[in-house]
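> structure for the following, please:
(one chain, ligands or ions: 1)
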Amino acid sequence: MPSLNQQILVAACLGLLIGWLVGAMPDEAAARTSVLYASTLVGGVFIGLLKMILVPLIFTSIVVGVANLQAHHQVHRVWVTTLIYFVATLALAMLVALIAANIFEPGAGLSLTLFEDAMASFEARQLTLPEFFQHFFANLFQNPFTAFANNSILSIVVFAIFLGIALVAGGARYGNILVVLQEFLELLMRIVGWIMRLAPLGILALLIRLVAEQDASLLTAVLGFIVLVFATTLFHGIVVLPAILWVIARKSPLWFWRGSREAIITAFATSSSAATLPISMRCAQNNLQVRPGVAGFVLPLGATMNMDGTALYEAAAALFVANLMGIELSFAQQMVVFFTAMVASTGAPGIPSAGMVTMVMVLQAVGLPAEAIAILLPIDRLLDTVRTAVNVEGDIIGSVVVQQLAGAAAPAGDVPQADRA
Ligand code: ASP
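Residues are numbered from 1 along each chain as shown. Model (predicted):
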């Protein structure tokens with residue numbers, strides 16, 4: 001029996017191939033309908049399982065992570081290092097995007113009439129910068145039960161951090177609660193191990209659907225932009241992030257790929273860093289030897305806040321839209337794009353196409369029409385694959401880097417590693 005890792009690789013390749021074959025069939029072909037039906041069903045179950053475990057996992061891992069960090073007086077260093085890493089890599093990602101978009105000018109000279117239909121039928125979701133902040137802070141603090149029920153990841157993170165700190169401040173008196181939570185986390189990781197067994201099938205199904213349902217004519221129209229986004233995102237993922245890993249932790253890209261490919265392929269297929277989180281945690285702890293104390297803190301936070309791929313995409317897309325409109329953005333305007341894309345990507349939840357909602361904010365910040373999103377939406381599912389994979393890669397590399405920089409004496413996390421299947 002091939003290892004899970006190999007099964008996932010084979011599933012991903014098969015998924016792309018079958019998807020392409022099914023996409024080539026006529027719309028009414030019975031085989032096409034049944035394959036698409038089956039893949040929707042199986043893909044749905046896989047994502048459903050990941051989502052089932054997600055909220056309890058984020059909550060428990062952050063409480064336990066913070067409690068352990070605090071207990072070892074490491075919280076300050078880990079916090080600061082994590083935030084510096086997030087901001088630095090986001091900035092690098094956007095720099096790559098802006099430089100590439102300025103050199104290659106995607107969209108310049110493309111006929112806009114091509115998109116007039118799309119624009120006409122689209123109603124923009126307006127979200128200005130002040131509105132965004134208002135929304136962001138209003139949602140930060142919520143009744144935890146409401147947050148759990150609505151999957152409001154950011155408010156769950158905030159509540160869990162409070163609880164983690166309170167647990168430590170309370171000291172030995174609450175030791176039992178901490179032990180219960182640690183054991184609960186161990187159980188959740190065991191379930192993640194079970195869900196992983198289904199990953200090859202889930203990934204196969206998700207990729208078949210993704211490839212089969214792409215609209216080829218649209219793809220060729222914006223091919224230049226798609227190639228540019230793929231190339232720059234891959235550059236960030238294959239060159240920039242591994243370079244950081246090498247310089248700081250002296251770990252090779254191959255070592256990283258071997259340890260994290262289950263998570264990265266899952267991110268590619270699900271387009272959701274949040275749904276991939278259970279698998280990222282497992283890879284970081286079991287394969288890359290990141291201590292649960294650090295992984296449990298950096299990864300859930302990263303899945304909601306650290307999105308290099310999304311930031312890069314939003315910056316490139318803003319320049320693409322400007323080119324389409326025949327508008328040249330000044331250096332100052334590009335700086336505005338830079339900062340809003342950073343905030344926007346931080347605020348985007350780790351779910352499919354989340355970046356599209358915050359994209360509106362970036363467009364509006366430099367006076368571009370929000371309606372232009374209609375051009376980006378049809379190709380978003382495709383672009384979301386690679387940017388989510390890079391988002392997740394950035395989080396996992398972050399956990400290794402933070403452990404290296406701040407975690408020399410960081411806690412082991414006291415969570416036994418569950419189910420190394
Ligand atoms: N799908 C991305 C993620 O989950 C977010 C986005 O850019 O839409 O990381």
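> check which element follows the helix or strand that contains Gln334 along the chain.
For Gln334, the element it lies in under DSSP states H and E is helix 331-347. Downstream of helix 331-347, the first helix or strand assigned by DSSP H and E is helix 354-365.
> what is that following helix packed up against?
Counting contacts by 3 or more CB pairs under 8 Å, 6 or more residues apart in numbering; DSSP states H and E, helix 354-365 packs against helix 129-138, helix 308-325, helix 331-347, helix 373-406. For the C-beta atoms, the positions are set from N, CA and C on the backbone; glycine is no exception.
> deepest of these, which one?
Per residue and on average, the most neighbours among the helices and strands packed on helix 354-365 fall to helix 308-325, with a mean of 27 (mean count of other CB atoms under 10 Å).
> relative to helix 373-406, how tilted is that helix?
On the basis of axes from the mean of the first three to the mean of the last three CA atoms, to 10 degrees, helix 308-325 is oriented at 150 degrees to helix 373-406.
> packing partners for helix 308-325?
In terms of contacts (3+ CB pairs under 8 Å, 6+ apart), helix 308-325 is packed against helix 75-104, helix 223-235, helix 331-347, helix 354-365, helix 373-406.
> show me the contacts for Pro26.
Arg32 (CB atoms under 8 Å, 6 or more residues apart in numbering).
> same question for Val35.
Shown in contact with Val35 (CB under 8 Å, 6+ apart): Ile18, Val22, Ile208, Ala212.
> backbone phi and psi for Asn151, please?
The phi/psi pair for Asn151 (degrees, to the nearest 10) reads phi 60, psi 40.
> tell me the pLDDT of the closest residue to it other than its chain neighbours.
Sequence neighbours aside, Val55 is the residue nearest to Asn151 in space, at 6.2 Å (criterion: CB to CB, 6 or more residues apart in numbering). Per-residue pLDDT puts Val55 at 85.
> mind checking how far Val55 is from Val64?
Distance of Val55 to Val64, given as CB to CB, to the nearest Å: 15 Å.
> likewise for Val222?
Counting by CB to CB - Val222 and Val64 are separated by 45 Å.
> looking at these two, which one has more neighbours?
Each of Val222 and Val64 has its neighbours counted (other CB atoms under 10 Å); Val64 has more, 28 against 22.
> tell me if I'm right that the more buried one and Leu185 touch.
Yes: between Val64 and Leu185 there is a contact at 5.4 Å, judged by CB atoms under 8 Å.
> check contacts around the closest residue to the ligand within the chain.
In the chain, the residue that lies nearest the ligand is Gly355 (2.9 Å; CB to the nearest ligand atom). Listed by CB under 8 Å, 6+ apart, the contact partners of Gly355 are Met307, Thr310, Tyr313, Glu314, Ala344, Ser345, Ala348, Asp380, Asp384, Arg387.
> where's the dip in pLDDT among those residues?
Out of these, that is Ala348, at 75.
> tell me which helix or strand Ala31 sits in.
For Ala31, the host element (DSSP H and E) is helix 30-71.
> between helix 75-104 and that helix, find me the angle.
140 degrees.
> could you pull up the residues touching Leu9?
Arg261, Ile265.
> could you measure from it over to Ser273?
In terms of CB to CB, Leu9 sits 20 Å off from Ser273.
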